[in-house]
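> next comes the sequence, and after it the predicted model I'd like to discuss.
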Amino acid sequence: MSRIGIFGGTFNPIHNGHLKLAAYCRDSLNLDSVILIPDYTPPHKSGSELVSGDDRLEMCRLAAAGLDGLTVSDIELRRGGTSYTFETLSSLKELYPGDELFLIMGADMFLTLPSWKNPDIIFEKASIIAVPRDGDDNRVLLDYYEETLKNMGARAFALEKPVMQVSSTFVRSNICNRELVSEYLPGAVYDHIAKKGLYGFRDYAAIIRGLMGDYRYIHSVNVAREAVELARLYGSDTGKAYIAGMIHDITKEIPKDEQLQIIADGGIILDDVQKNAPKLWHSISGSVYIRRELGITDEDMINAVRYHTTGRAGMSLLEKIIYIADFTAEGRSYNGVEIMRERSRQSLEAAMLFSCQFFLQELSKKELAIHPDQLGLYNELVMKG
């Protein structure tokens with residue numbers, strides 16, 4: 001008689017947290033194997049981010065390839081319709097009549113088992129393995145089993161410790177940043193996502209690489225990395241921060257006459273200061289370019305590109321992050337950059353005020369016009385104290 005773990009889920013996409021959990025259950029309860037089963041249409045999840053069953057099945061197969069005791073089944077995908085656990089376990093019990101089944105689940109699901117469809121059949125067909133989310137959950141799970149599930153005929157095991165904490169939502173949100181998700185996602189799975197363009201994947205590094213030279217490309221990569229760090233620190237969306245940082249200078253090396261044409265095509269009329277400051281054009285033309293050529297419609301990202309040079313009053317968190325990241329990214333060497341970096345870790349507003357003071361002074365020395373947006377940012381910061 002074999003001991004078989006059953007690990008179902010959306011796997012949208014499967015990640016290293018899933019793999020570590022499967023291995024932990026296998027080793028803790030001496031399972032002979034663990035079967036990954038992608039859902040067809042799970043009753044508790046839906047939405048446009050759910051990719052096809054074929055893709056999720058293939059990603060599971062890629063993730064499981066070469067791993068000891070880990071296999072993949074398409075039983076729910078072939079059956080179609082809403083996936084109910086009692087049906088899957090009943091089918092598996094027919095396939096493995098002499099074997100012992102163990103249903104693997106997280107703490108949240110474990111604590112809702114009585115509300116599942118036909119829980120009595122679930123308890124008849126399989127033992128339950130519950131995995132805690134953190135070090136405090138084990139006792140809660142054990143108590144719940146003793147007080148509730150045991151009386152319903154369940155056999156359950158609560159493992160002692162949690163596993164790697166990462167969500168598929170986080171992976172999807174940051175899928176364009178291989179550097180960020182590489183520790184969470186098997187390489188073969190990432191390659192499949194990139195090849196198929198799943199979860200809105202676009203290779204922004206490749207896009208900007210074709211529009212700029214080595215120096216500007218390296219700077220853009222560094223700004224993206226810095227933006228991600230600031231987003232983590234201040235609670236912003238790391239996926240948006242990465243993309244906005246990567247593309248913030250996307251039109252900077254496009255000829256000036258072409259930049260002006262992009263701006264005009266976008267229906268933007270330059271003011272007198274902007275007309276006489278070509279260094280400001282790339283941020284304006286860039287905001288038009290990413291909307292028209294890259295199909296980016298997120299206004300926060302568009303504004304982050306547009307105002308990363310001058311800033312403005314009333315900036316969003318993402319706008320502030322890109323503005324600061326551009327000035328503090330690795331490779332910047334102007335006088336005062338270390339102060340700027342130090343302040344960026346203490347307060348975005350403190351760093352922005354320092355940058356305003358620095359650049360307003362520089363512009364004044366050179367007798368160059370100061371754009372009203374930059375003055376607006378400075379005045380807002382000063383009046384906020």
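That came in fine, so what should we check first? This structure is a prediction, so every number in the text was calculated from the model and none was measured. Numbering: from 1, shown residues only.
> quick one: contacts of stretch 365-376?
Under the contact criterion Cβ atoms under 8 Å, 6 or more residues apart in numbering, stretch 365-376 has outside partners 271-274, 276-277, 280, 307, 310-313, 356, 359-360, 363-364. For the C-beta atoms, the positions are set from N, CA and C on the backbone; glycine is no exception.
> can I get the CA coordinates of that stretch in PDB?
Extracted in PDB, the C-alpha atoms of stretch 365-376 (Å, rounded to 0.1, in the frame of the first residue of the first chain):
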ATOM      1  CA  LYS A 365      23.300  79.500 -11.100                       C
ATOM      2  CA  LYS A 366      23.000  78.700 -14.800                       C
ATOM      3  CA  GLU A 367      20.200  81.400 -15.200                       C
ATOM      4  CA  LEU A 368      17.900  78.700 -16.500                       C
ATOM      5  CA  ALA A 369      14.100  78.900 -16.200                       C
ATOM      6  CA  ILE A 370      12.400  76.900 -13.500                       C
ATOM      7  CA  HIS A 371       9.300  75.100 -14.600                       C
ATOM      8  CA  PRO A 372       6.100  75.800 -12.600                       C
ATOM      9  CA  ASP A 373       5.700  72.100 -11.800                       C
ATOM     10  CA  GLN A 374       9.100  72.100 -10.000                       C
ATOM     11  CA  LEU A 375       8.200  75.200  -8.100                       C
ATOM     12  CA  GLY A 376       4.900  73.700  -7.200                       C
END
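> can you list the buried residues in that stretch?
Under the neighbour-count criterion of 16 or more other Cβ atoms under 10 Å, stretch 365-376 has Ile370, His371, Asp373, Gln374, Leu375, Gly376 buried.
> which positions within the worst-scoring helix or strand of the chain on mean pLDDT qualify as buried?
The helix or strand of the chain with the poorest confidence is helix 137-144; it has a mean of 85 (mean pLDDT, DSSP states H and E). By neighbour count on 16+ other Cβ under 10 Å, the buried set for helix 137-144 is Asp137, Asn138, Val140, Leu141, Tyr144.
> repeat that for stretch 331-346.
Arg332, Met340, Arg341, Arg343, Ser344.
> run through who's touching it.
If you take Cβ under 8 Å, 6+ apart as the criterion, stretch 331-346 is touched by 218-219, 222, 230, 233, 324, 327-328, 350-351, 354-355, 358.
> between which two of those residues is the distance greatest?
Pairwise distances across the contacts of stretch 331-346 (Cβ to Cβ) peak at 27.4 Å, for the pair Ile218 and Ala350.
> how far off centre is the strand or helix carrying Asp191?
Following DSSP states H and E, one finds Asp191 within helix 187-196. Mean-position distance between helix 187-196 and its chain equals 15 Å (Cα atoms, centre = their mean, to the nearest Å).
> fine by me, thanks again.
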